[in-house]
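**Q** sequence-free structure coming up:
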């Protein structure tokens with residue numbers, strides 16, 4: 001049977017594309033680690049940028065992470081919206097926690113809730129969990145990779161409605177992240193999910 005043979009899977013072109021993809025993923029991972037490092041220090045300066053590059057590089061070399069391919073697209077406007085609203089929530093949560101700390105006789109009640117994300121990819125799980133952990137008053141206790149569920153400890157919950165607010169806040173944060181860096185398919189999934197109707201945009 002005649003015809004043009006298909007290239008073997010191990011041809012140099014295919015191998016080259018695979019290597020290029022792996023390098024791209026490593027660079028993206030290093031970039032996110034540098035961002036997280038600066039957020040943890042609470043200040044962006046040259047020392048923290050260099051320190052983030054060194055620490056991030058060491059993490060990737062000595063503790064290699066599972067391959068997480070980035071199949072989305074960067075949307076600058078949505079990324080700016082995410083950053084602006086995240087800063088507002090960060091300040092608001094910080095003020096709320098500070099008020100709890102100095103209010104005489106006030107005893108906040110904590111609760112543990114599970115929030116199943118609508119896009120259970122490794123990258124979305126990691127980004128959403130990191131963003132949630134950076135907001136004062138919430139803490140990631142466990143991530144169930146199989147079901148795409150985040151288990152959070154939420155501070156100052158006195159009514160069932162407070163738990164629903166915490167859940168909606170997490171899903172809203174996920175939506176903003178997907179709008180900023182998610183793929184078209186992930187964005188459609190977020191926007192058409194019935195459970196998202198009650199969350200904020």
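**A** Thanks, I have the structure now. Because the structure is predicted, anything quoted here is derived from the model rather than measured.
**Q** And stretch 154-162, what's buried?
**A** Residues 154, 155, 156, 157, 162 are the ones in stretch 154-162 that count as buried (16 or more other CB atoms under 10 Å). Heads up, the C-betas are built off the backbone N, CA and C, glycines and all.
**Q** Do me a favour and get the end-to-end distance for it?
**A** 9 Å (CA to CA, to the nearest Å).
**Q** So what's the residue count around residue 187?
**A** When neighbours are counted by other CB atoms under 10 Å, residue 187 registers 19.
**Q** next one: residue 168
**A** Neighbours of residue 168 using other CB under 10 Å come to 16.
**Q** Next one, pLDDT for it please.
**A** With respect to pLDDT, residue 168 scores 94.
**Q** The residue most central in space within the chain: helix or strand, and which one exactly?
**A** Closest to where the C-alpha atoms of the chain average out (CA atoms, centre = their mean) is residue 127, at 1.2 Å. Residue 127 belongs to helix 122-134 when assigned by DSSP states H and E.
**Q** Whatever helix or strand comes next after that helix: which residues count as buried?
**A** Remark: after helix 122-134, the chain's next helix or strand is strand 138-144, criterion DSSP H and E. Residues of strand 138-144 classed as buried by neighbour count (16+ other CB under 10 Å): 138, 143.
**Q** got the angle between the helix holding residue 127 and strand 138-144?
**A** Relative orientation of helix 122-134 versus strand 138-144 (axes from the mean of the first three to the mean of the last three CA atoms, to 10 degrees): 150 degrees.
**Q** Now find how far off-centre helix 122-134 is within its chain.
**A** A distance of 3 Å separates the centroid of the chain from that of helix 122-134, by CA atoms, centre = their mean, to the nearest Å.
**Q** Packing partners of it?
**A** Other helices and strands packing on helix 122-134, by 3 or more CB pairs under 8 Å, 6 or more residues apart in numbering; DSSP states H and E, are helix 12-41, strand 138-144, strand 149-154, helix 160-181.
**Q** what comes into contact with that helix?
**A** With CB atoms under 8 Å, 6 or more residues apart in numbering as the test, helix 122-134 has contacts from 32, 36, 39, 66, 68, 70, 72, 86, 90, 117, 138-140, 143, 145, 148, 150, 152, 170, 173-174, 177-178, 181-182, 186.
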